[in-house]
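Asks: Here is my input, please return the structure:
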Amino acid sequence: MELRARNKAAFGLGAFGKDLVYMLVSNYLLYYYNAVLGMDSVFIGAVLMGARIFDALNDPLMGIIVAKTRTKWGRYRPWVFAGTVLNALTIYALFAAPASMADSSLRVWLGVIYILWGVTYTMMDIPFWSLIPAITDPGKEREQLSSLARSCSGIGDAVPMVATMVIVPILSGSNIISEYRLGFRWWALIIAVIFVITEIIFVLNVPEREIQEVETVGVGHMFKSLFRNDQALTVVVAVIFVYTALNIVGNLILYFFTFDVGDEGAYSIFVAGCFLAQVVTMLFVPAIRKKVEKMKLFTYGILLQVIGFIVLLVLAYSNIYKTTTWYVLLIPGILVYVGYGILTVMLTIFLADSVDYGELKNGTREESVIFSMQTFTVKLASGIAIFLAGIAISQTGLDTEALVQTQETLNGLRVWMTIPSMIILVLALFVFMKFYKLGDRRMAEISARLGRDTQE
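Replies: Modelled structure (predicted):
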């Protein structure tokens with residue numbers, strides 16, 4: 001299927017919209033319930049982690065449901081639309097906790113609504129990404145669409161990261177953290193509306209290939225096929241490691257700027273610079289791929305992130321941003337996000353390639369089941385990261401109501417923000433280099449055996 005410019009643009013817009021809501025939840029839910037509402041950080045992390053365990057069953061099941069779907073509107077788009085509308089309601093509810101609620105009731109509210117958010121996000125996210133291998137063949141067009149989608153996702157990530165701590169105080173009419181409740185409610189509503197609009201445009205403008213009427217395999221067979229796809233599972237493990245590493249610092253960096261750097265406003269500028277670097281990098285990945293083999297490019301992405309975290313730790317302990325300017329922190333931030341930009345595009349390509357590998361190995365093509373694992377692992381990584389961030393806040397003794405933190409607390413925050421992420425990234429590189437086998441030459445062989453031409 002040859003995609004037109006408007007099809008690709010709609011795909012990119014859809015990726016932008018869905019990552020708006022994801023990043024708002026991923027990076028601000030802990031801050032909202034802990035710093036704004038005063039809930040215990042460890043409890044928040046435990047609830048979010050538990051919800052991700054629930055998704056261990058929900059996400060693959062959703063992938064199977066999508067794979068079995070047959071409608072006149074297609075297999076994927078009806079789920080994208082339905083999931084979007086329902087998820088928009090939950091995203092608002094998450095940040096609109098009633099002020100009259102006692103702490104015990106608020107904890108129940110968080111648990112129930114967050115699980116519903118995860119379920120409805122899964123409904124739209126799995127069919128969304130499953131469309132990439134479903135409407136493209138291995139090679140140039142798939143890599144271009146993956147790069148475009150991930151670049152637009154990066155912009156979607158950046159908007160709430162950059163704008164939230166600027167807009168929320170304005171909507172709240174206050175610069176006091178404990179009074180940000182109203183601002184978060186209105187901001188969540190704005191994000192939800194934008195989300196629905198972008199996905200409607202996506203559904204109306206992204207085509208689907210005609211569904212081939214083939215024998216539908218059973219649930220048990222599909223799970224067996226998934227777990228026999230060793231390359232998909234390798235990518236899934238890498239996704240967990242890479243996203244966990246970034247989400248740990250993503251959840252702690254606002255605390256770092258607020259209480260260590262001492263300039264909450266600088267956080268938005270810092271994040272803007274980082275995400276700009278990420279988006280530009282993702283746009284250039286297809287051009288870089290012409291000269292660099294994809295396995296090497298993945299390695300470079302990991303190394304850039306590790307170096308960035310090392311530089312961040314050194315700068316934090318040197319306190320240089322307190323004697324000169326905080327802008328020096330952009331150096332490690334850009335290194336980390338350039339590496340992340342490379343990794344997000346490459347992991348999407350790797351997972352799409354594993355679909356073709358699975359078709360050759362197992363005799364069935366299971367985009368939805370395999371991409372359901374990406375959805376699950378990204379949310380699992382977010383849950384793990386928030387849980388670890390919650391522990392970090394508790395263990396360092398950080399007091400969100402105090403004007404000044406102890407040096408011991410600041411040092412602990414610096415270590416938690418960097419060392420765990422470095423260790424996790426090294427593990428990701430080790431696993432990937434040892435077990436992933438779908439290099440460029442191998443994918444060309446697979447395409448030839450499946451009777452497809454690899455696009456150069």
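
Asks: Buried residues, the helix or strand encompassing residue 84. List them.
Replies: Per DSSP states H and E: residue 84 is located in helix 77-94. For helix 77-94, the neighbour count (16 or more other C-beta atoms under 10 Å) marks 77-81, 83-88, 90-94 as buried. C-beta here means a position set from N, CA and C on the backbone, and glycine is covered the same way.

Asks: got it, and stretch 29-41?
Replies: Buried residues in stretch 29-41 (16+ other C-beta under 10 Å): 29, 30, 31, 32, 33, 34, 35, 36, 37, 39, 41.

Asks: Quick check: mean pLDDT of the helix holding residue 84?
Replies: Here helix 77-94 scores 95 as its mean pLDDT.

Asks: ok and the following helix or strand past it relative to helix 77-94, angle-wise?
Replies: The first helix or strand that comes after helix 77-94 along the chain, using DSSP H and E, is helix 103-135. Between helix 103-135 and helix 77-94, the angle comes out at 160 degrees (axes from the mean of the first three to the mean of the last three C-alpha atoms, to 10 degrees).

Asks: nearest to residue 208, of the buried residues of stretch 29-41?
Replies: Ranked by distance to residue 208 (C-beta to C-beta), these are led by residue 29 at 33.2 Å.

Asks: how far away is the closest one from residue 196?
Replies: Noted for residue 29: a distance of 20 Å to residue 196, by C-beta to C-beta, to the nearest Å.

Asks: And residue 247, by the same measure?
Replies: Taking C-beta to C-beta, one finds residue 247 at 25 Å from residue 196.

Asks: Could you do residue 403 as well?
Replies: 40 Å.

Asks: Comparing those two, which residue is more hemmed in?
Replies: More crowded of residue 403 and residue 196, by other C-beta atoms under 10 Å: residue 196, with 17 against 7.

Asks: And the pLDDT for the more buried one?
Replies: You'll see residue 196 listed with a pLDDT of 97.

Asks: now do residue 223
Replies: So, for residue 223, pLDDT stands at 60.

Asks: do residue 266 as well
Replies: Residue 266 is assigned 87 on the pLDDT scale.

Asks: Next: the one 4 residues further on.
Replies: Confidence per residue is given as pLDDT, and for residue 270 that number is 92.

Asks: neighbours around it, how many?
Replies: 24.

Asks: Equivalent analysis for residue 114, please.
Replies: Other residues near residue 114 come to 24 when the count uses other C-beta under 10 Å.

Asks: out of the buried residues of stretch 29-41, who's nearest residue 128?
Replies: For those, the nearest to residue 128 is residue 29 (21.5 Å; C-beta to C-beta).

Asks: Quickly find the element holding the closest one.
Replies: Assigned by DSSP H and E, residue 29 falls in helix 5-31.

Asks: Can you give me the buried ones in that helix?
Replies: 7-31.

Asks: What is it packed up against?
Replies: For helix 5-31, the elements it packs on are helix 41-68, helix 77-94, helix 103-135, helix 140-172, helix 181-205, helix 230-256, helix 367-395, judged by 3 or more C-beta pairs under 8 Å, 6 or more residues apart in numbering; DSSP states H and E.

Asks: Looking at those helices, which is nearest to residue 288?
Replies: Of all the helices and strands packed on helix 5-31, helix 140-172 sits nearest to residue 288, with 9.9 Å by C-beta to C-beta.

Asks: Give me the buried positions along that closest one.
Replies: For helix 140-172, the buried set under the neighbour-count rule, 16+ other C-beta under 10 Å, comprises 141-165, 167-169, 171-172.

Asks: so what's residue 299 closest to, chain neighbours aside?
Replies: Nearest residue to residue 299, sequence neighbours excluded (C-beta to C-beta, 6 or more residues apart in numbering): residue 429, at 6.5 Å.

Asks: My guess is that neighbour contacts residue 300. True?
Replies: No. Using C-beta atoms under 8 Å, residue 429 is not in contact with residue 300, being 10.5 Å away.

Asks: So which of these two has more stuff around it?
Replies: Taking other C-beta under 10 Å, residue 429 and residue 300 do not tie; residue 429 has more neighbours (19 against 16).

Asks: how close does that one get to residue 282?
Replies: Distance, residue 429 to residue 282, by C-beta to C-beta: 20 Å.

Asks: Kindly report the same for residue 416.
Replies: Residue 416 is 28 Å from residue 282, by C-beta to C-beta.

Asks: Same check on residue 361?
Replies: Taken as C-beta to C-beta, the span from residue 361 to residue 282 is 30 Å.

Asks: Quick check: the gap between residue 238 and residue 275.
Replies: Residue 238 is 22 Å from residue 275, by C-beta to C-beta.

Asks: mind listing what the residue nearest to residue 301 when sequence neighbours are not counted touches?
Replies: In space, and not counting its chain neighbours, residue 301 is closest to residue 342: 3.5 Å by C-beta to C-beta, 6+ apart. By C-beta atoms under 8 Å, 6 or more residues apart in numbering, the contact set of residue 342 is 281, 282, 285, 297, 298, 300, 301, 304.

Asks: for residue 109, same thing?
Replies: Here residue 109 is in contact with 97, 98, 101 (C-beta under 8 Å, 6+ apart).

Asks: just residue 276 next, same as before
Replies: Residue 276 neighbours (C-beta under 8 Å, 6+ apart): residue 158.

Asks: so who does the most centrally placed residue in the chain touch?
Replies: Centroid-nearest residue in the chain, with C-alpha atoms, centre = their mean: residue 378, separated by 5.6 Å. By C-beta under 8 Å, 6+ apart, the contact list for residue 378 reads 239, 243.

Asks: again, but for residue 2
Replies: Going by C-beta under 8 Å, 6+ apart, residue 2 touches residue 141.

Asks: Can you verify it is assigned to a helix?
Replies: No. Going by DSSP: H, G, I helix; E, B strand; the rest coil, the assignment for residue 2 is coil, not a helix.

Asks: ok, so what distance separates it from residue 137?
Replies: From residue 2 to residue 137 the distance is 10 Å (C-beta to C-beta).

Asks: So residue 343 is in contact with residue 300, correct?
Replies: No. Using C-beta under 8 Å, residue 343 is not in contact with residue 300; the gap is 9.5 Å.

Asks: ok, residue 361 and residue 282, which is more surrounded?
Replies: Shown here are residue 361 and residue 282; by other C-beta under 10 Å, residue 282 has more neighbours (27 against 15).

Asks: quick one: which helix or strand includes the more buried one?
Replies: Going by DSSP H and E, residue 282 is part of helix 264-289.

Asks: sorry, back to before: output the buried residues of stretch 29-41 in TSV, with pLDDT and distance to residue 64 appended to each entry.
Replies: Below are those laid out as TSV (pLDDT from 0 to 100; distance: C-beta to C-beta, whole Å):
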residue	pLDDT	distance to residue 64
29	91	28
30	88	32
31	90	35
32	93	34
33	93	33
34	90	36
35	87	39
36	90	39
37	92	37
39	91	35
41	88	36
